[in-house]
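Undergrad: Provided below for reference: sequence and predicted model.
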Amino acid sequence: MITQSVKMAVSSIFSNKLRSLLTMLGIIIGVMSLVVLVSLVNGATGSITDSINALGNNLLHVTISDDHNRPVKLSELEVFTKDGQFDLIAPAAASSATASGAYAEESAQITGTTAAYLDIQGLELESGRFLMKPDLDNHSNVAVINADLATEVLGRRDVVGENVKFNGKKFLVIGVLKEKNSSAGISSGSTLQAYIPYTSLIRLSEDISLNVTSFCISAAGDDMDTAEQQLESILLERFEQDEDAFSIFNQSSVAETMSSVTGTLSLLLGGIAGISLLVGGIGIMNIMLVSVTERTREIGIRKAVGAGRGAIMLQFLIEALIISLFGCFLGIAFSWIAIEAVNIIGSADYTLSTGIVLLSIAFSTGIGVLFGLYPANRAAKKNPIEALRYN
Amino acid sequence: MIIFQDISKIYCIGSEKVCALSHANLHIYPGEFVSIIGPSGSGKSTMMNIMGCLDTADKGQYLLDGLSVKDCTEQELTRIRSQKIGFIFQSFNLIGNMTAEENVELPLIYQKLPAKERKERVHDALERVRLYERRSHKPGQLSGGQQQRIAIARAMASQPSLYLADEPTGNLDSATGYQIMEIFHALHNRGNTIVLITHDETVAAQADRSIRIKDGYMTEVSI
């Protein structure tokens, strides 16, 4: 019975090709907007969280604004990692300086730090080495620079062993970092970065002293909230329970905020797309009502030769469902094409989100049934005598 | 076996009541070929609608093979229509976007017969009206007489005991009408009950028995 109804529905859809296509268009557009928008938002969310995670997701950054006469000395930084909750710690004193080299002169961000910084931040070296303990002990004028600084100031990437000047002071380049993928558009301040021993930065900048006011620390485990609480209680104890004396910046909380923002965004866009799908559904209902009226005589004939209410209802319901689902599949196909086109044009890497594809199929089915029900019921309720007399 | 016991049917057109059928009494025995004759508006179609279980009487009782139709639900009426009654209409009433074959198969689909049996019955019915070779034509590609033969094949396919024909030759020229009547005679000879509604005296005369109806009242004429 159902296969027969499907056959009949398909043949009546094909006997009115243009009308069926126009009706489907509503669903096609609705599904396309739903699938494409949500897939794009999901893709963007993925790449943003990836780049946040790339910054180090078990990382806490502490800034001390008031040390209550108990400054954190560079030499005593290691006390924070003693209890096993934390893994590595490194000072991160930022200062800006004019970097000049054989090629150009640019303003760069200089970070004074120690050897552990490389692992905490998850930086990767392209050539050379990172800072080591002797560099700090000797207040060496050595620098690790990022790829941008190498190319823009020194003219090329393989500059290990050459000199670069920060505020006129000569520094030996001992390492160059790999270029970071910044497609997500998140840059941490200046793109020209250099890392020099903390002790050397003290000589370069007046604001920096042996009292560390900014450091980053990596948690040993994955539970960043507990790690943050732990660190907070240690610092509160040290700074006379003054909550305003310091601030802790939790990288993973940024990621969470980010994903909740994009979650809301995809819900919002999905909602708008859902409305257009609903409008498509109303289009189906409209055309089904027209079709039922047009085919009144056919309904009468079917009833006279033995079709019951259920059979007529089923036939029209299946017709509405097929229009809706066929439109949905076309919409998904077009969405795939659209996303591939975006990928090729924008050289991005978006994928069709499986979840939203399934959701749109479910939604289209629901719409087909919901908006097919009323016309189908109207068809089923027709009086066969009057229907046969209809012209 | 068709028994009409004092059947009346009243239509309300606006505030006016029109009595389409008034105290009709009728017996039609199995295997009979009965014609019902009368001018238009005489209540012929009302009678056929009631007989075909498309409509129910307001008063009186209609017994079809001993079953009181009045007490049937809509679902039961649908089943009776599909299994016991074959309709043939004046305007053929074939579905335009379906082929001859599909039109003949339609009642069998609603009877939920298996595909193999449907195919056999469709083949058989189309052979009997001598239109098997035109099975994949649509009604629009067939002449009026051919369309009516397809409609008869559709009625035959469900192997009903009662054929109800409402002016089957009304839209056809006399030669084609004659062909159609031949088919009815063939059906009658195979033992089927045929009720033919017409306003044409010569067509009516071909039946075993004629029932004349006028303004809702009926009189029986035996031939």
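TA: Structure's in. What do you need? These numbers were taken from a predicted model, which means no experiment stands behind them. Numbering: from 1, shown residues only, chains lettered A, B, ... in the order given.
Undergrad: please name the nearest non-neighbouring residue to residue 201.
TA: The chain I'm using is chain A. A:Gly112 (2.8 Å; C-beta to C-beta, 6 or more residues apart in numbering or on different chains). In this view, the C-beta of every residue, glycine as well, is placed from N, C-alpha and C.
Undergrad: switch to chain B, please.
TA: Spatial nearest neighbour of B:Glu201, excluding adjacent residues (C-beta to C-beta, 6+ apart): B:Ile37 at 6.9 Å.
Undergrad: which strands or helices does the helix or strand the residue nearest to A:Leu201 falls within pack on?
TA: Counting by DSSP states H and E, the secondary-structure element that holds A:Gly112 is strand A:105-113. Counting contacts by 3 or more C-beta pairs under 8 Å, 6 or more residues apart in numbering or on different chains; DSSP states H and E, strand A:105-113 is packed against strand A:86-91, strand A:93-100, strand A:193-197, helix A:198-204.
Undergrad: export these to TSV and append columns for mean neighbour count.
TA: Formatted as TSV, the entries for these read as follows, by neighbours: other C-beta atoms under 10 Å in any protein chain shown:
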stretch	mean neighbour count
strand A:86-91	21
strand A:93-100	19
strand A:193-197	26
helix A:198-204	20
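Undergrad: out of the ones you listed, flag the one nearest A:Gly161.
TA: Proximity of the helices and strands packed on strand A:105-113 to A:Gly161 was assessed by C-beta to C-beta; the nearest stretch is strand A:193-197, lying at 15.7 Å.
Undergrad: just how off-centre is the closest one within its chain?
TA: Distance of strand A:193-197 from the chain centroid (C-alpha atoms, centre = their mean, to the nearest Å) equals 30 Å.
Undergrad: what do you get for stretch B:127-136?
TA: With C-alpha atoms, centre = their mean as the basis, the distance from the averaged C-alpha position of stretch B:127-136 to the chain average is 21 Å.
Undergrad: end to end, how far does it reach?
TA: The stretch stretch B:127-136 measures 14 Å between its terminal residues, going by C-alpha to C-alpha, to the nearest Å.
Undergrad: so who does A:Gln241 touch?
TA: With contact taken as C-beta atoms under 8 Å, 6 or more residues apart in numbering or on different chains, A:Gln241 is in contact with no other residue.
Undergrad: for it, phi and psi?
TA: Main-chain torsions, A:Gln241, degrees, to the nearest 10: phi 50, psi 30.
Undergrad: would you mind giving the helices and strands packed on strand A:105-113 as CSV with mean pLDDT added?
TA: Rendered in CSV, the data for the helices and strands packed on strand A:105-113 read as follows (pLDDT from 0 to 100):
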stretch, mean pLDDT
strand A:86-91, 87
strand A:93-100, 89
strand A:193-197, 92
helix A:198-204, 89
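Undergrad: can you tell me the helix or strand for the nearest residue to B:Ser68 once chain neighbours are set aside?
TA: In this structure, B:Ser68 finds its nearest non-sequential neighbour in B:Gln61, 6.0 Å apart by C-beta to C-beta, 6+ apart. Per DSSP H and E, B:Gln61 falls inside strand B:59-64.
Undergrad: for that strand, packing partners?
TA: In terms of contacts (3+ C-beta pairs under 8 Å, 6+ apart), strand B:59-64 is packed against strand B:2-13, helix B:44-51.
Undergrad: hey, which of these is tucked in deepest?
TA: helix B:44-51 (a mean of 24; mean count of other C-beta atoms under 10 Å in any protein chain shown).
Undergrad: that one vs strand B:59-64, what angle?
TA: 60 degrees (axes from the mean of the first three to the mean of the last three C-alpha atoms, to 10 degrees).
Undergrad: what separates the residue nearest to B:Ser68 from B:Leu26, distance-wise?
TA: 12 Å (C-beta to C-beta, to the nearest Å).
Undergrad: joint contacts of these two?
TA: B:Ile3, B:Ile7.
Undergrad: more crowded one of those two?
TA: In terms of neighbours (other C-beta atoms under 10 Å in any protein chain shown), B:Leu26 is the more surrounded of B:Gln61 and B:Leu26; the figures are 19 against 14.
Undergrad: thought B:Phe4 was touching that one, still the case?
TA: Yes. Under the criterion of C-beta atoms under 8 Å, B:Leu26 lies in contact with B:Phe4, with a separation of 3.8 Å.
Undergrad: right, I'll call it a day here.
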